[in-house]
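> Just the structure for this:
(one chain, ligands or ions: 1)
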Amino acid sequence: MRIRDLMNMNVVTVLPTMMLKEAAVILNNAGTDKALVVDDDGKLIGFISQRGFIKAVAISKIEDLCVQDIMTNRVVPLLYTKSVSELKEEFTLNQCPFFPVVDGENRPIGILHQNDVVTYLSDRSLLLVEETQAIIQSLYNGVTAVNAEGIVTLFNAAAEFITGLTADAVIGHHVDHVLPNTRLSRVLETGETEVNQQQTIANCTIITTRSPIFNGNKVIGAVAVFQNITELQTVAVELENVKNLKSTLESAIESFFEGIVIVDRSGKITMINQSYCDFLGVERERVIGLHVVDVIPNTRMHVVAQDGKAEITEIQRINDHNCVVTRIPIVKDGETVGAVGKVVFKDVKDLKILSNKLNKLEFELEYYKEELRKAYGGKYTFDSIIGTSEKMQWMKSIAMKAAKGNSTVLILGESGTGKEVFAQSIHNGSIRNNGPFIKVNCAALPENLLETELFGYDEGAFTGAKKGGKPGKFELANRGTIFLDEIGDMPISMQVKLLRVLQEREFERVGGTKTIKLDLRVIAATNRDLTKMIEKGEFRQDLYYRLDIISLAIPPLRERTEDIPALCDMLLKKINKRVQHDVEGIAAATLKLLMAYKWPGNVRELENVLERALNLMDDHEVLIAPEHLPPIVKKVNKESEPIEVSDNLAGMLDDTEKQAILKVLEEAGGNKSKAAKILGIHRSGFYQKLQKHNIK
Ligand SMILES: Nc1ncnc2c1ncn2[C@@H]1O[C@H](COP(=O)(O)OP(=O)(O)OP(=O)(O)O)[C@@H](O)[C@H]1O
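Numbers count the residues shown, from 1 in each chain. Down below sits the predicted model:
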């Protein structure tokens, strides 16, 4: 219907704010169903129907009037605007306190109240409403409002942005359903303002203030104004971290004994530790922020902070000291932003002292390493084994192969042939060479001591046992090699125990209960004929098989006389060093004698003969002559040669004892136990005599 048509109708003039009910009565009385609403000046500002239709219009836009339903945001032509009863229904449904009436351009021109009063807005009010709406929409803070029933009536753009919800999805719904955490319902109940409350909505932390909306004393709604503080919170956490980091850095720098200074790109001091301040004689509070050149003499920190080139261990003169300093640029994102400087030594003298100390320590370390190696690792390697004879080359090659594995090795050979030299070489040539090389002389210890010597004992194992017990040789040889020398002299009772250990690869200390696992290689050696001993029941066959995995039979020296010259060369060098002589070599005649001799004591005997010769030589003599050899060696060719004897009784007795021992040893093929037996003395007594006469 057009305005022209309306104009033809029966019109009742009413005041703009007339109650609709009153208007309806007037219309009724006038017998008309529609009335235009005009203002005091008679300008048409809307119309009203008898049935309660309200059509609020702006007079200038009368031709194309329409209203907007703010609940649905739908703009409908004016003539199809809902009736008051329909609107009232919506009021009730949506719990809406008022219903704005807008013109065709969506501008509010009036408000329809729930109490049926239409309030038309003056131009000023219209402007205010527009402005207010614009302000609310432009706020950085989210704003949401509810009516007395908790229905959302306002949800601005910021609220949409913060919550991720659209106004459409929220307005018209109960706040508890769409924004469950807002507590606006609670504010409606209590009528109390809640200021700066923190809460979480849709992964954001917000800070919100909720206030009730009063109409007189009555709470007709509530409004919440909130702000996203997630970013703020992140910044706060970061700030806290930075603060902690700074304090850690400061403590770290402070804990340095050396002076530390940090400058920024412009060379200004940002940090300096107390140690440096003390050295410079300055107060920290006064120097922070000053240019480094004004605080530290001859500094180049500002240069490093500019050119980004590190200066390591430079000499810098500070307060009459030649200091050793280091300056390092601080680089951030590829750009030099400052420099850190450190006084490494407050005086070069300190560096020299330290360097001397270090050298001394290094020297001592080397010395002790060598001593340790000698004590535990043995000094011989395959390079120490002299012998180009075919037999020795062959033995050496087998020994080298044995060194690569972990199998038990049995070394056979007369006394002094070099069995221990081979054992040590195998150890040092194996992967166990960093572990210990532990030697046990099975013949030198009485039977009752051998067990504790090998396996150790626990505290209280026997009367007189050491507190805390004592580890045995097996334990000491852990991760290394145990060398069981003179295994043929091991008592049968011990052979049984050794067999068990070799079979099970574990043992217990004497008097102990804890089982100790074996991680070592066993090398055994003897100068005795084990097969003959087995026949006689003196050596256990099962133990022999356990030991005889790889066996090496070192040939006696008399079977490889071609090795004698090279051995003499090596031994002379060794003895020269030991006795501080400078003997050059051996005369041809002497060498002839040495090659002809039978050498029952093998290489050890050769070494003794040469050492004796060196001791007899005059200072001017450089070659060992036949007369420097002992009679027993010379006797080979000249049977009539007189035997040198001492000229007093004690000396004569000693000489005779020594000769007797050597003779018996020769007869016994170097077997000490056998020799002791022949001489009718105890084995340990025999060993003492060997030591006394320097018979090795
Ligand atoms: N082939 C060799 N090369 C260099 N030195 C050797 C060689 N054989 C033996 N020696 C030297 O001879 C001496 C005796 O060697 P070693 O102690 O190894 O003999 P052994 O057979 O174990 O003697 P024993 O049976 O009496 O224990 C050592 O001083 C060693 O330096």
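> what does the stretch 301-450 of the chain put close to the ligand?
S384, I385, I386, G387, G413, S415, G416, T417, G418, K419, E420, V421 (CB under 6 Å from any ligand atom). C-betas here are computed from N, CA, C, even on glycine.
> in what helix or strand does the closest residue to the ligand within the stretch 151-300 of the chain lie?
Closest to the ligand within the stretch 151-300 of the chain is F257: 51.9 Å, counting by CB to the nearest ligand atom. Per DSSP states H and E: F257 is located in neither a helix nor a strand.
> Isn't it up against N273?
No. If you go by CB atoms under 8 Å, F257 and N273 don't touch, sitting 9.5 Å apart.
> Compare those two and say which is more crowded by neighbours.
N273 (22 against 9; other CB atoms under 10 Å).
> Just list the residues touching the more buried one, thanks.
I253, E254, F256, G259, I260, V261 (CB atoms under 8 Å, 6 or more residues apart in numbering).
> Dihedrals phi and psi, the first one?
It stands for I253. phi -60, psi -40 (degrees, to the nearest 10).
> so how far is V340 from it?
Counting by CB to CB, to the nearest Å, the gap from I253 to V340 is 9 Å.
> so what sits against both of the two?
I260, I262.
> The closest residue to the ligand within the stretch 551-696 of the chain: how many residues sit nearby?
Closest contact between the stretch 551-696 of the chain and the ligand, by CB to the nearest ligand atom, is at V603 (3.4 Å). Using other CB under 10 Å, V603 has 24 other residues around it.
> Now for it: which residues touch it?
By CB under 8 Å, 6+ apart, V603 lies in contact with G416, T417, G418, L557, L567, L571.
> thought the last one was touching L606?
This means L571. Yes. Counting by CB under 8 Å, L571 touches L606, with 6.5 Å between them.
> wait, G150 sits on L188?
Yes. Taking contacts as CB under 8 Å, G150 lies within contact range of L188: 6.1 Å.
> Assign a three-state SS to V325, would you?
Three-state call for V325 (DSSP: H, G, I helix; E, B strand; the rest coil): strand.
> for it, what are its contacts?
E311, T313, E314, I315, Q316, G341, K342, V343, V344.
> one more time with 10 Å
Going by CB atoms under 10 Å, 6 or more residues apart in numbering, V325 touches 258-259, 261, 296, 298-301, 311-316, 318, 341-346.
> Kindly report the same for P556.
391, 413-417, 527, 598-603, 669-670.
> Any of these buried? List them.
Using 16 or more other CB atoms under 10 Å as the burial test, these include 391, 413-417, 527, 599-603, 670 as buried.
> Export those as a markdown table, with columns for pLDDT.
Formatted as a markdown table, these follow (pLDDT from 0 to 100):
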| residue | pLDDT |
| --- | --- |
| K391 | 93 |
| G413 | 95 |
| E414 | 93 |
| S415 | 91 |
| G416 | 93 |
| T417 | 95 |
| N527 | 93 |
| W599 | 92 |
| P600 | 90 |
| G601 | 91 |
| N602 | 94 |
| V603 | 95 |
| G670 | 82 |
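> Make JSON lines from the residues you listed and add distance to D350 and secondary structure to it.
Below are those laid out as JSON lines (distance: CB to CB, whole Å; DSSP: H, G, I helix; E, B strand; the rest coil):
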{"residue": "K391", "distance to D350": "62", "secondary structure": "helix"}
{"residue": "G413", "distance to D350": "58", "secondary structure": "coil"}
{"residue": "E414", "distance to D350": "61", "secondary structure": "coil"}
{"residue": "S415", "distance to D350": "58", "secondary structure": "coil"}
{"residue": "G416", "distance to D350": "56", "secondary structure": "coil"}
{"residue": "T417", "distance to D350": "57", "secondary structure": "coil"}
{"residue": "N527", "distance to D350": "60", "secondary structure": "coil"}
{"residue": "W599", "distance to D350": "61", "secondary structure": "coil"}
{"residue": "P600", "distance to D350": "64", "secondary structure": "coil"}
{"residue": "G601", "distance to D350": "58", "secondary structure": "coil"}
{"residue": "N602", "distance to D350": "58", "secondary structure": "helix"}
{"residue": "V603", "distance to D350": "54", "secondary structure": "helix"}
{"residue": "G670", "distance to D350": "61", "secondary structure": "coil"}
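> sorry, back to before: what touches both of L571 and L606?
The overlap between the contact sets of L571 and L606 (CB under 10 Å, 6+ apart) consists of I564.
> Overlap in contacts, G150 and L188.
Jointly contacting G150 and L188 under the rule CB under 10 Å, 6+ apart are V175, G221, A222.
> Can you list which of those residues are found in strands?
Under the assignment DSSP state E, the shared contacts of G150 and L188 contribute G221, A222 to strands.
> Go through the shared contacts of G150 and L188 and give me the one with the most neighbours.
That'd be A222 among those, by other CB under 10 Å, with 28 neighbours.
> what pLDDT does the residue in the chain positioned nearest to the ligand get?
Proximity of the chain to the ligand (CB to the nearest ligand atom) peaks at G418, 2.4 Å away. Here, the pLDDT recorded for G418 equals 95.
> How about the contacts made by it?
380, 384-387, 392, 395, 411, 424-425, 554-555, 557, 567, 602-604.
> which bits of the protein sit near the ligand?
384-387, 413, 415-421, 485, 527, 570, 603-604, 607.
> Tell me the confidence at the residue nearest to K218 when sequence neighbours are not counted?
Excluding its sequence neighbours, the residue lying closest to K218 (CB to CB, 6 or more residues apart in numbering) is A148, at 7.9 Å. In the prediction, the pLDDT value recorded for A148 is 87.
> Contacts only, for A148.
So A148 contacts Q95, P97, L188, P212, I213, N215, K218, V219, I220, G221, A222 (CB under 10 Å, 6+ apart).
> what kind of secondary structure is the fifth one in?
Think I213. strand.
> contacting residues around the closest residue to it other than its chain neighbours?
Excluding its sequence neighbours, the residue lying closest to I213 (CB to CB, 6+ apart) is G221, at 4.0 Å. G221 makes contact with 95, 97, 145-151, 153-154, 184, 187-188, 211-215 under the criterion CB under 10 Å, 6+ apart.
> buried subset of those residues?
95, 97, 145-151, 153-154, 184, 187-188, 211-213.
> Out of these, list just those in strands.
Using DSSP E, the buried ones among the contacts of G221 in strands are A145, V146, N147, T153, L154, S211, P212, I213.
> of all those residues, which comes closest to K360?
Of all those, S211 has the smallest distance to K360: 82.1 Å, by CB to CB.
> And for the closest residue to that closest one other than its chain neighbours, the neighbour number?
In space, S211 comes closest to T193 once its chain neighbours are excluded; the distance is 4.6 Å by CB to CB, 6+ apart. A count of nearby residues for T193, using other CB under 10 Å, gives 11.
> L365 now?
L365, neighbours per other CB under 10 Å, totals 10.
> Ok, L351 next?
Counted with other CB under 10 Å, L351 comes out at 17.
> you'd agree it is up against V343?
No. At 11.7 Å, L351 and V343 do not qualify as touching, with contact defined as CB atoms under 10 Å.
> coming back round to it: tell me who's in contact with the residue of the stretch 151-300 of the chain closest to the ligand.
Here F257 is in contact with N273, S275, V343, K346 (CB under 10 Å, 6+ apart).
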